[in-house]
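Trainee: mind folding the following:
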Amino acid sequence: MTDHATPPQPERLSKLMAQRGLCSRREADEFIAHGLVFVDGIRVDVLGTKVLPHQTIQLAPEARRAQRQLVTLLLHKPVGYVSGQPEDGHLAAVELITPERNARPDPVRPLLKSHFRGLAPAGRLDIDSRGLLVFTQDGRIARRLTDAQGRIAKQYLVGVEGSVTEEVLKRLRHGLELDGRPLRPADVERAGAGRLRIVLREGRHRQIRRMAELVGLRVVSLIRTAIGRVPLGDLPEGKWRFLDEGEEF
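Mentor: The predicted model follows:
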C-alpha cells in the first residue's frame, strides 16, 4: 500500500526557534545575522533560511550568555497608568521603572542603563486595575506570558457589588461568552464579603469587568495578585523589583 503522507515542509529558522522557546523571532534574526545559530551542527548566518522541523537547532555560547544578561522586572502598577504606549493623556506604566522606585536595591547587583532599554510589557492590565505587571527584555518570557494557549494562569482579587449567588459563581466559572466566543473555564471562589478570587487562563479585553456585567455584578476594585507561580506579594504600589534567580512563571 502506497504511503501518501505529506512530507514535512521546511519552515523559517527564526519561526522554529521561537516555537521551541529558544528566543523570540526578533532575537532569532539577530542571532542568525551574527552567526550564533547552528542547525545540525552547521553554522547558519543567512536571514530567511528554512529548515525542516526535525532538525536540531542550537544557540552558540555567546547567544546564551546574552540571554542570561536580559532582565525581567515586576511592577505593582497603580490605577491610572496604561500598560503599553501612552494614550488619552495617561502615562505608560513603564515610566514608573526608574532607579528610585526599585523596591529591592541590591548592593551586589548594580543598576545599569542597559537594564532599562528595550523593556516591553508581557501582557496587559487595564487602566482601572492595579497589581502585577511584567516588563521584560527576554522574548522567551514575553512569549510564554502572552501565549494564546493560556498555559500561564493569572490570579485576581476582585471587589464587586451585587448578589453573589451560587448560580452567579457557576456562570462565572463556565458558560459565558464575550464577542460571540465562549470563554475558557475560570476558577472563581468567594474571598470574603463582596470579594472574589478569580483565576483566568486567557486575557480578553477588560474580561473580568465584562464577565461581571453579564451576571449582574459591578466591579469596584481589581488587583492582579499573581502570574503563574510569581506572586505580587508585598511589592508596594508604584514600585518594581527584578525577577529573582530561580523564580519561574
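Trainee: every contact and neighbour count from this point should use C-alpha atoms.
Mentor: Will do.
Trainee: would you list the phi and psi of the most centrally placed residue in the chain?
Mentor: The chain has Leu145 as the residue nearest its centroid, 2.7 Å off, counting by C-alpha atoms, centre = their mean. Leu145 adopts backbone torsions of phi -80, psi -20, taken as degrees, to the nearest 10.
Trainee: and stretch 124-134, how far out from the chain's middle?
Mentor: Stretch 124-134 sits 12 Å away from the centroid of its parent chain (C-alpha atoms, centre = their mean, to the nearest Å).
Trainee: check stretch 132-147 too.
Mentor: For stretch 132-147, the distance to the chain centre is 4 Å (C-alpha atoms, centre = their mean).
Trainee: check which residues of that stretch are buried.
Mentor: For stretch 132-147, the neighbour count (16 or more other C-alpha atoms under 10 Å) marks 132-146 as buried.
Trainee: then stretch 24-40?
Mentor: For stretch 24-40, the neighbour count (16+ other C-alpha under 10 Å) marks Ser24, Arg25, Glu27, Ala28, Asp29, Glu30, Phe31, Ile32, Gly35, Leu36, Val37, Phe38 as buried.
Trainee: re the thing from before, restricted to helices, list the buried residues of stretch 132-147.
Mentor: Gly139, Arg140, Ile141, Ala142, Arg143, Arg144, Leu145 (DSSP state H).
Trainee: any chance of the residues you listed in JSON lines with distance to Asp244 and pLDDT as columns?
Mentor: Formatted as JSON lines, these follow (distance: C-alpha to C-alpha, whole Å; pLDDT from 0 to 100):
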{"residue": "Gly139", "distance to Asp244": "17", "pLDDT": "83"}
{"residue": "Arg140", "distance to Asp244": "16", "pLDDT": "83"}
{"residue": "Ile141", "distance to Asp244": "14", "pLDDT": "89"}
{"residue": "Ala142", "distance to Asp244": "16", "pLDDT": "88"}
{"residue": "Arg143", "distance to Asp244": "19", "pLDDT": "85"}
{"residue": "Arg144", "distance to Asp244": "17", "pLDDT": "87"}
{"residue": "Leu145", "distance to Asp244": "17", "pLDDT": "91"}
